[in-house]
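S.K.: I need the structure of the sequence given here:
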Amino acid sequence: MKHKIKDIRNIGIIAHIDAGKTTVTERILYYTGRSHKIGEVHDGEAVMDWMPDEQERGITITSAVTTCQWQGHQVQIIDTPGHVDFTIEVERSLRVLDGAVGVFCAVGGVEPQSETVWHQADKYHVPKIAFVNKMDRVGANYLGAIEMMKERLGAVPLILQLPMGAEDTFEGVIDLVTMRQIRWDDSTLGAEFVIEEISDAYRQEAEQYREQLVEALAEFDDELMEAYLAEEPLEEKKIHEVIRRTTISLDLVPVLCGSALRNKGVQPLLDAIVRYLPSPADVPPIQGTHPESGEPISCPPSAKAPLAALIFKVSMVEGRKLSFVRIYSGTAKTGEEVYNPGLRRKEKLSRILRMHANKRERLNQAEAGSIVGVVGLKDSATGDTLCSAEKPVLLEKIEVYEPVISVAVEPRTHSDQEKMSQVLEKLLAEDPTLRLRHDEDTGQTILSGMGELHLEVIISRMQREFNTAVNVGKPQVVYRETIGRRAVGTAVFDREIAGQRHFAEVEITLSPRQRGAGNHFRSEVDEETLPAALVPAVEEGVTESLESGTLMGYPVVDVEAVLTGASYRESLGSELAYKVAASMATKEALTAGEPFLLDPIMKVEVFVPEAFMGDVIGELNSRGGKVESIEHRMGHQVIKATAPLARMFGYSTSLRSATQGRGTFTMQFSHFDRC
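M.R.: Residues are numbered from 1 along each chain as shown. Next comes the predicted model:
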């Protein structure tokens, strides 16, 4: 069935780990008729968590894509991970989505990772709806969660529903737009529900919140304001229209509630997705640039426009490369050639697939607004653009994070040796946050990633999916190096190579810069001393030299390198000579500049019951952590601290034993600093 572009919704489900994203998605699939039974995360049967690692750990690791129908609309959903180690999965999903549903736990409220993903969505100007889940849990506090949204997310929540009861008495929701209450039938797994008059127990509260809702909307619409002030009856259609407009303009965030696990509140959420979140035609056309001239190009969401599509994820399925593509404008057809302007080469679309988690159906073509899987792209990677060769356009790449932790991997047997490099190559193509390097000094293969769990999952996949057994060294921290004082290095390169004499002499001065300022190179030598054409060779030598420091070979950061002196001999000075001389002079200056290591410092948030506060703070201090603040939140204390990553290995085990298994923590990279 073909849908008009205005009837398509591309949405992501975003939230903190364990807020219930996958459970919400599973219910959506069940009620839209996409799956015939409800898969549960805790049984390892969720449709969207199809990887063995996801089923075992009960968490989402890769963002899965699925398509379903609701009230004549096509809803394409990406279920994203909540764990900080897989932030890139959320980042690249948000880059291609038009709207998002933020799921919050009614007990925990806005947790650290919800904050991170919410701000990621803000960065890409993605309109959002909030769904307060787990209303049936002990300690559920709907209005408390909404207050936290205001404080922590800077959002302006628009309450569209009130819960009927909470904890074990939660039985349904009150819709403040229609002023009706909805109760679900447990015997039909929530597929059937009753819409009725609001009962007396809730009427007064409902009227009070309805008043607030209309008041908030009237500020954005003159017609509504007039009707409200004249106390005329308000049209439902008009209210929906203003909610949609203010949601898309990011002025307001509609808030709904329910309990996905108890099958309550999901159908109104689907209605809200279709009613309030934008179609690809409602968001501004994506902007690209011409690959040669750099002039801006707008890509309108129309099937008749030239093709512009972005690869936002690459996956290896049964040894074949599957690329996930968002088509912004134009039409992609099976079997046709497309152009990759970044690589300057053509690629063939062998197959176009509509995705449903790890199942797929073939399509002959896909139009603007679609999110599809493509088979047949050989060299294209995450963040690459696909377009037509006649009208090339380059879309902005996806931002990638720097890894903070690494392990050494080596094959167990001789037969694993050949397989290991092929398997790692496939995993690197899938995951842009994974890095691989070969350590010349030790001969080891070093794999770097975003955290302990990230690397654990990669190793597990190597063994499971690709039958490659590897031995893994202890996790190591990816440090940086810098210098403590100003230092000068000089070097002369005078050598005969292949019958030709090369000569260069340079003086490089290195000075420390502020933390986080990065490296900077400039030249103070005039053209009479050294021809300007040779300065880039000097810069290249300096840059290469700063890639590995003199202490332990880690990258050097926050240093200013200045070319302060040089001598030049006509006909003997070559680019090669100046590059090598600059590299030697930089190494000399690094050694003389009192180099020291910079540790990756992590932001840590620990959630603990009050009774264990003392022990937890003591444990953090012993790991070199600095406590920055302590907040009381819903019966728990939240300790915010910074700590060096090197001292945080195995922290989850110590926290569990110190809090009888009741403490949890999240950790994400903050900055590099001297410990």
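S.K.: show me where the stretch 351-500 of the chain has its strands.
M.R.: Assigned by DSSP state E, counting those that start in this stretch, the strands in the stretch 351-500 of the chain fall at 351-356, 359-363, 365-367, 371-375, 385-387, 394-395, 405-411, 435-438, 445-449, 470-472, 476-477, 480-483, 487-497, 500-512.
S.K.: average pLDDT for the third one?
M.R.: To tie it back to what came earlier, the one meant is strand 365-367. If you average the pLDDT over strand 365-367, you get 89.
S.K.: what helices and strands are in contact with it?
M.R.: Judged by 3 or more Cβ pairs under 8 Å, 6 or more residues apart in numbering; DSSP states H and E, the packing partners of strand 365-367 are strand 331-333. For the C-beta atoms, the positions are set from N, CA and C on the backbone; glycine is no exception.
S.K.: what strands flank the strand it packs on, and is each parallel or antiparallel?
M.R.: strand 365-367 (antiparallel) (DSSP bridges).
S.K.: residues making contact with the strand it pairs with?
M.R.: Residues from elsewhere that reach strand 365-367, judged by Cβ atoms under 8 Å, 6 or more residues apart in numbering: 5, 303, 327, 330, 331, 332, 333, 334, 352, 372.
S.K.: just name the closest of the residues you listed to residue 275, please.
M.R.: residue 5 (16.9 Å; Cβ to Cβ).
S.K.: verify the stated contact: the closest one with residue 278.
M.R.: No: distance between residue 5 and residue 278: 11.0 Å, which falls outside the contact criterion (Cβ atoms under 8 Å).
S.K.: so for those two, which sits in the more crowded spot?
M.R.: Using other Cβ atoms under 10 Å as the criterion, residue 5 and residue 278 rank with residue 278 on top: 21 against 17.
S.K.: for that one, grab phi and psi.
M.R.: phi -80, psi 150 (degrees, to the nearest 10).
S.K.: how much space separates it from residue 412?
M.R.: Separation of residue 278 from residue 412 (Cβ to Cβ, to the nearest Å): 51 Å.
S.K.: residue 32 too?
M.R.: Here residue 32 is placed at a distance of 46 Å from residue 412 (Cβ to Cβ).
S.K.: between these two, which one's more packed in?
M.R.: When neighbours are counted by other Cβ under 10 Å, residue 32 comes out ahead of the other of residue 32 and residue 412, with 20 against 13.
S.K.: who's in contact with that one?
M.R.: Counting by Cβ under 8 Å, 6+ apart, residue 32 has contacts 68, 69, 70, 75, 270.
S.K.: neighbours around residue 502, how many?
M.R.: Neighbours of residue 502 using other Cβ under 10 Å come to 20.
S.K.: so it sits against residue 574, correct?
M.R.: Yes: shown here, residue 502 and residue 574 form a contact pair, counting by Cβ under 8 Å, at 4.9 Å.
S.K.: before we move on, back to that, are any of the contacts of strand 365-367 buried, and which?
M.R.: 5, 303, 327, 330, 331, 332, 334, 352, 372 (16 or more other Cβ atoms under 10 Å).
S.K.: just checking, the third one touches residue 370?
M.R.: Yes: here residue 327 reaches residue 370: they are 5.0 Å apart, a contact under Cβ under 8 Å.
S.K.: spatially central residue in the chain, please.
M.R.: Centroid-nearest residue in the chain: residue 91, 2.5 Å away (criterion: Cα atoms, centre = their mean).
S.K.: secondary structure class for it?
M.R.: Under DSSP: H, G, I helix; E, B strand; the rest coil, the three-state class of residue 91 is helix.
S.K.: show the pLDDT at it.
M.R.: The predicted local confidence for residue 91 is 72.
S.K.: I'd say residue 444 and residue 407 touch.
M.R.: No: using Cβ under 8 Å, residue 444 is not in contact with residue 407; the gap is 9.7 Å.
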